[in-house]
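>>> Can you look at this prediction? I've put the sequence above it.
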Amino acid sequence: MIGYVTLGTSDLPRAAKFYDAIAAEMGTARMMDYPTSIAWGTPGGGAGIGLTKPFDGQPASVGNGVMVALEASDKAQVHRLYDIAMANGGSDEGAPGPRGEADENGMGFYAAYFRDPDGNKLNAFVMGPL
């Protein structure tokens, strides 16, 4: 249902470095690149992320309670995405690990939470056996 998510930035080159690294780990790249915005994703693939300087010319701001969740392939990729975020100007919002209890079949939620250089909150997650 979701086609893409767009986040604001006040420093497109700095934010682009962050998202280029995240996208590369997830096996995708830029699919649109304009002077004031960039989009990452795969045509015909899952939802992508767009990054833009706000159209109204005002500084970008972070939505309280807004978060973009990136579906990882496995727990190891959750860790790699978190490490990539930290190495590219991101900040910690919760190190990789299980969240909550596994169900009766041992299935659960494993995630890492971080913010991009502009303060937008993201997480990398996988659902499956814990």
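Alright, I've got the coordinates.

>>> Quote the end-to-end distance of stretch 96-103.
Stretch 96-103 stretches 19 Å from its first residue to its last (CA to CA, to the nearest Å).

>>> got it, and stretch 40-48?
Taking CA to CA as the criterion, the two ends of stretch 40-48 lie 6 Å apart.

>>> pLDDT on that stretch, on average?
Stretch 40-48 shows an average pLDDT of 90 in the prediction.

>>> Give me the contacts around that stretch.
2-5, 19-20, 22-23, 27-31, 39, 49-50, 71 (CB atoms under 8 Å, 6 or more residues apart in numbering). Where C-beta positions appear, they are placed from N, C-alpha and C, glycine not excepted.

>>> Tell me which of those fall in strands.
Mapping the contacts of stretch 40-48 onto strands (DSSP state E) picks out 4-5, 29-31, 39, 49-50, 71.

>>> For those residues, pick the one with the most neighbours.
Top of these by neighbour number is I49, holding 22 neighbours under the definition other CB atoms under 10 Å.

>>> Tell me the bridge partners for that residue.
Beta-bridge partners for I49, by DSSP bridges, are V5, W40.

>>> OK, contacts around it?
Here I49 is in contact with 4-7, 19, 23, 39-41, 68 (CB under 8 Å, 6+ apart).

>>> How much space separates it from F114?
To F114, I49 is 14 Å away according to CB to CB, to the nearest Å.

>>> How about stretch 15-34, which residues are buried there?
Neighbour-count burial for stretch 15-34, counted by 16 or more other CB atoms under 10 Å, picks out 15-16, 18-19, 21-23, 25-26, 28, 31.

>>> go on, stretch 40-54?
40-41, 48-53.

>>> which outside residues touch stretch 24-37?
6, 12, 20, 23, 38-43, 45, 48, 50-53, 70, 72, 77, 80-81, 84.

>>> Relative to the whole chain's centre, how far out is that stretch?
13 Å (CA atoms, centre = their mean, to the nearest Å).

>>> Distance to V126 for the buried residues of stretch 40-54 - can I get that in TSV?
Formatted as TSV, these follow (distance: CB to CB, whole Å):
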residue	distance to V126
W40	20
G41	19
G48	19
I49	18
G50	24
L51	24
T52	29
K53	32
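
>>> Quick check: the two most widely separated of the residues you listed?
Between any two of the buried residues of stretch 40-54, the greatest separation by CB to CB is 19.1 Å, found for G41 and K53.
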